[in-house]
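Engineer: pasting a predicted model and its sequence here:
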Amino acid sequence: MSLEPHWGKRRPHIRANQRPNVGNCGVAGLAEPMRYDRPMKKQIALVEDEPALRDNYAAALSRQGYQVKSYVNRSSALQAFALHLPDLAIIDIGLEDEAEGGFDLCRELRAMSAEIPIIFLTARDSELDAVSGLRLGADDFLTKDVSLPHLAARVAALFRRIDALKRPGDAAQLLRRGALSIDGEKMQTTWKGSAVTLSLTEFWIVHALARHPGHVKNRQQLMDAASVVLDDNTITSQIKRVRRKFMELDPAFDAIQTVYGMGYRWVE
Amino acid sequence: MSIRFQLLLIALSTLVLPWAGCQYARELESALRVSQESSLQASAETISNALAAQAANVFDAPGAAPQFDWTQGDLYLVPLHQDPLLDGYREDWGDLAAAPRTLPTRTGLAARLLGGSTDHYAFLYVEVDDPSIDSEPSDPHPDTDRFDRINLEIQSADGTIESYFFATDAPGLIAAQTLVHDEAGAAHVALEPRIQAYWQQTSRGYHLEARMPRSLLATRLWIQVIDGGSGRRAGSSSVEYPAGGKLFFTTPGLNHLLSTFLSPGTRVTVIDTNGLKLGVAGSLRVNPDADLEPTGGSWYRRFVAGDLKHWPLQVVANDHVEGRSVSAALAGHPAAEWLRSRTGQTPLLVAAAPIQVGAWLRGAVVLEQAGDQLLELRDRALTHLFNFTLLATVLAALIAFGVATWISLRIGRLRHAAEAAVGPDGRIRLDMPEAHRGDEIGALARGFERLLGRLHEHTHYLRTLGGKLSHELRTPLTIVRSSLDNLESEGVRPDQAGYLTRAREGVLRLQSTLSALGAAARVEESIRQSDRITVDLADLLESAVAGYRDGFPTARFELLRPAGECFMPAAPDLIVQMLDKLIENAVDFCAVSGTISVRLRRTETRYQLSVSNDGPPIPPEMLDRLFESLFEHRRGGDDRPHFGLGLYIVRLIAEFHGGEAVAANRPDGAGAMFTVILPMV
């Protein structure tokens, strides 16, 4: 007798994700693609060795009004970056025969610019932890399961953050929960005054939890909030990673509580 | 049949050694017999030659012996060692006086006669079956009076015949009577005091034991028994058989002469041409006190002694010797033969050689030797042989048993190892006992190792197949999904939207399938990264079961937990994941409107966490294998894919916590129960 995961039975996220409604996620408005005119099209570098995926991502992002430049491997991307830096980079970790070529590229790109938002795309869940351990300065880590609208929402969110960072701070956007303070626009999180470096996914998860302290958010809700489709284990490891990041600043941190069998909640 | 028993049987085949020994002993014995035969025959011939040279000492009369014919009243006087008491009984006549011979009769009177002699006397012994007594009258007239009597006619050396008769009116000591004619020619009865007798009345008739000086006898003697009442007669008279009534004696001094030829354990007999004994010397017994029969005989003999049966029995007679060898010798040819002694037990060798004096065959020498010397020799050899071969057999059996035990122990060890090679967790032990040995069992063990190695590779491949598949299919799946996303964003005609929806559904299903396939690998991965913290198991259960109530609104849950806190070091996420699998499993098999009961029990050192559901029981033969990886016994009727990983994950997590998972059917038979036992520390 055996069992296999069958999430659909009790978490009807499959139907929910058929038409991703990003506007209905935990952080209202955050995922909404920006549609106002720009003086210049934002330029996105897409480094992906799988041609079909590359073309699909490029098409989707172009449709959102971005200028997409695709690169097959690390060297061609580096050459192009040396001439002109993109506004945002989406990098696959495994590049042709370099199993971790994406990590190296990220490190090199970060060396060129500290501001460029970088999104990692991975084929494997386990790489998420590796990436997090490497602290390469990426802004988000996504598995390739991510849907194109979700991807677009992230790209938009990251661009908006760039814009928000350029503007002076707006106290109204601040969400304060005890020692926690979240700037929804700049997507910055501080704990007891210190900045917590969270990826976009992690930020959205924290944001979703902290908005309604004491309310249990189940995994599905968190996934929706973070605009990702992940399995339970991945949510668990995301939460674990978030806790670890907070605990690095404050070993006594225990604001995120597990409600077994149900989900997580923020306690003050 | 176990190897031990088989080898033992093989060892028993060494019993052929004693058997072969028996055969050999038989051969040996017959060879010894032949040589004994020829040596005894040679001795007989030597003695006969020696006796022929002094024929005068052997034979009384020169020339051929007269023909012995009992029916004509011829009588052989048995040599007696001492004078018997004159009492009418022959018990004191000694061994040599065998049964008396029946007298020839034409009228049916049964009477038996025995003659014997010592140096000075001749003895006669007559038994008459004549119950009606006709006593002698006071003035008897033998010719006319009818009374019971025994006539005796003796021919003296000068040829005259003296007639006597025995009769009495009362039993007891009597003298022979004779008819005397006085000058007037009248006959009257007179006593002959030299011939004495004892008349003994018996129930069947009477016995007469008579004694007379040897000097009275010459060459002939007739005896006739007359029943006075009926007139019946037995025996012979000089009138009927003037040429009969011959007397045969042993040769005086011959016994002594013969004793000079003797070797111990042999008996030498000289017979005349009639077969009548002329002289005897020696005894068959080496030790006169010893029994002729084998004493305390070895039981081995019965394996080899069967060949005695077809030998002729020894004929024992007081007056003559007979047999094949004797006949041959009396026909002029030396011969030897084996006989059985009277009791049929002891072999007896008889060799006879003719005594040829000049042109005349005068008689024969008969040499007898007991075969028990040979028997003793054979027995000694056989006993040794048996002892040695039996010892060899026992040794061989012991060695075979030991070797077999050793071999079967090794095979048993190998078998246990082979049976335990695939552990309950599905992991394969590759090292086999005995594999380092150079013999066939070692080769077998190495064969097992190779086989298990292949099996290991295969199971490893299967185990990782899910993860690999899930990984390899992810990219193409992502391509399909992103293409569908693009298609949807580009906008499709409303009539095409259905296809898009269906394609998406297919992709999602594929995705969940892949996710299921990789579940075990992911759990193993997360187990590697898990840390244990102190968790209140009861609290965790409370919260989890509350979650399941939400998650499975159709199922009924029941939670039984001990009061108080149940702390243990655990990875709570894993515990919950384990619980998830157990609950999902229980929900799948739970009967409609059945109850799923989650129960936590605390023993001294452990927690027992069991999840049971109402529903069909698990087939007993499946119980042990449920927790194996990729073990799937699920029946159809469920469209979700099953890879047999759920309970495997349960086991992985239980083992990570140092516990174990057990499946059982509920005692009431109305459901299954899965229990995870977790140590407290």
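Structural biologist: Thanks, I have the structure now. Numbers count the residues shown, from 1 in each chain, chains lettered A, B, ... in the order given.

Engineer: relative to B:P142, how far out is the nearest residue to B:I195 once chain neighbours are set aside?
Structural biologist: Nearest residue to B:I195, sequence neighbours excluded (C-beta to C-beta, 6 or more residues apart in numbering or on different chains): B:A176, at 3.7 Å. (C-beta placed from N, C-alpha, C; glycine too.) Separation of B:A176 from B:P142 (C-beta to C-beta, to the nearest Å) stands at 12 Å.

Engineer: about what we covered before: return the distance of the residue nearest to B:I195 relative to B:L103.
Structural biologist: In terms of C-beta to C-beta, B:A176 sits 18 Å off from B:L103.

Engineer: in the stretch 401-550 of chain B, what residue lies closest to chain A?
Structural biologist: Of all residues in the stretch 401-550 of chain B, the one sitting closest to chain A is B:G547 (2.6 Å; C-beta to the nearest C-beta).

Engineer: quick one: contacts for that residue?
Structural biologist: Going by C-beta atoms under 8 Å, 6 or more residues apart in numbering or on different chains, B:G547 touches A:V259, A:Y260, A:G261, A:M262, A:G263.

Engineer: 7 Å - rerun?
Structural biologist: Each residue near B:G547 by C-beta atoms under 7 Å, 6 or more residues apart in numbering or on different chains is listed here: A:Y260, A:G261, A:M262.

Engineer: could I get these in CSV, plus columns for neighbour count?
Structural biologist: As requested, these are exported to CSV (neighbours: other C-beta atoms under 10 Å in any protein chain shown):
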residue, neighbour count
A:Y260, 21
A:G261, 22
A:M262, 19
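
Engineer: so is stretch B:423-441 next to chain A?
Structural biologist: No - for stretch B:423-441, no contact with chain A is found by C-beta under 7 Å from any C-beta of the partner chain; the gap never falls below 12.6 Å.

Engineer: quick one: pLDDT of B:S203?
Structural biologist: B:S203 carries a pLDDT value of 89.

Engineer: that one: what secondary structure?
Structural biologist: Following DSSP: H, G, I helix; E, B strand; the rest coil, we place B:S203 in the coil state.

Engineer: same check on B:T383?
Structural biologist: Going by three-state DSSP: B:T383 is helix.

Engineer: off-centre distance for the host helix or strand of B:V16?
Structural biologist: Using DSSP states H and E, B:V16 falls within helix B:16-53. How far helix B:16-53 lies from its chain's middle: 32 Å, per C-alpha atoms, centre = their mean, to the nearest Å.

Engineer: now do that helix: which elements does it pack against?
Structural biologist: Other helices and strands packing on helix B:16-53, by 3 or more C-beta pairs under 7 Å, 6 or more residues apart in numbering or on different chains; DSSP states H and E, are helix B:301-304, strand B:335-340, strand B:347-357, strand B:360-370, helix B:372-421.

Engineer: give me the contacts around whatever helix or strand comes next after it.
Structural biologist: Later in the chain than helix B:16-53, the nearest helix or strand by DSSP H and E is helix B:55-58. By C-beta under 7 Å, 6+ apart, the surrounding residues in contact with helix B:55-58 are B:L51, B:T251, B:G253, B:L254, B:L257, B:V270, B:L278, B:V357, B:R362.

Engineer: ranges for the helices of the chain?
Structural biologist: You didn't pick a chain, so chain A it is. In chain A, the helices defined using DSSP state H lie at A:7-10, A:13-18, A:51-63, A:74-83, A:101-112, A:126-134, A:148-166, A:200-211, A:219-225, A:232-249.

Engineer: let me rephrase: I mean chain B.
Structural biologist: Under DSSP H, chain B gives helices at B:3-12, B:16-53, B:55-58, B:254-259, B:301-304, B:324-330, B:372-421, B:440-472, B:474-490, B:494-517, B:519-528, B:537-551, B:572-589, B:646-656.

Engineer: take those and lay them out in TSV including mean pLDDT.
Structural biologist: Below are those laid out as TSV (pLDDT from 0 to 100):
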stretch	mean pLDDT
helix B:3-12	80
helix B:16-53	85
helix B:55-58	83
helix B:254-259	86
helix B:301-304	60
helix B:324-330	89
helix B:372-421	82
helix B:440-472	84
helix B:474-490	87
helix B:494-517	85
helix B:519-528	77
helix B:537-551	86
helix B:572-589	87
helix B:646-656	87
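
Engineer: now those as a markdown table including distance to A:A164?
Structural biologist: Listed next are these as a markdown table, based on distance: least, C-beta to C-beta, whole Å:
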| stretch | distance to A:A164 |
| --- | --- |
| helix B:3-12 | 86 |
| helix B:16-53 | 107 |
| helix B:55-58 | 161 |
| helix B:254-259 | 153 |
| helix B:301-304 | 117 |
| helix B:324-330 | 144 |
| helix B:372-421 | 64 |
| helix B:440-472 | 38 |
| helix B:474-490 | 26 |
| helix B:494-517 | 34 |
| helix B:519-528 | 36 |
| helix B:537-551 | 37 |
| helix B:572-589 | 35 |
| helix B:646-656 | 44 |
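
Engineer: domain map for the chain?
Structural biologist: All of this refers to chain A. A:23-165, A:170-266 (automatic domain parsing).

Engineer: you looked at the wrong chain, it should be chain B
Structural biologist: If you go by automatic domain parsing, the domain ranges for chain B are B:70-245, B:440-520, B:530-679.

Engineer: with A:A210 as the reference, name the closest of those domains.
Structural biologist: Smallest distance to A:A210 across the domains of chain B (C-beta to C-beta): 21.0 Å, for domain B:530-679.
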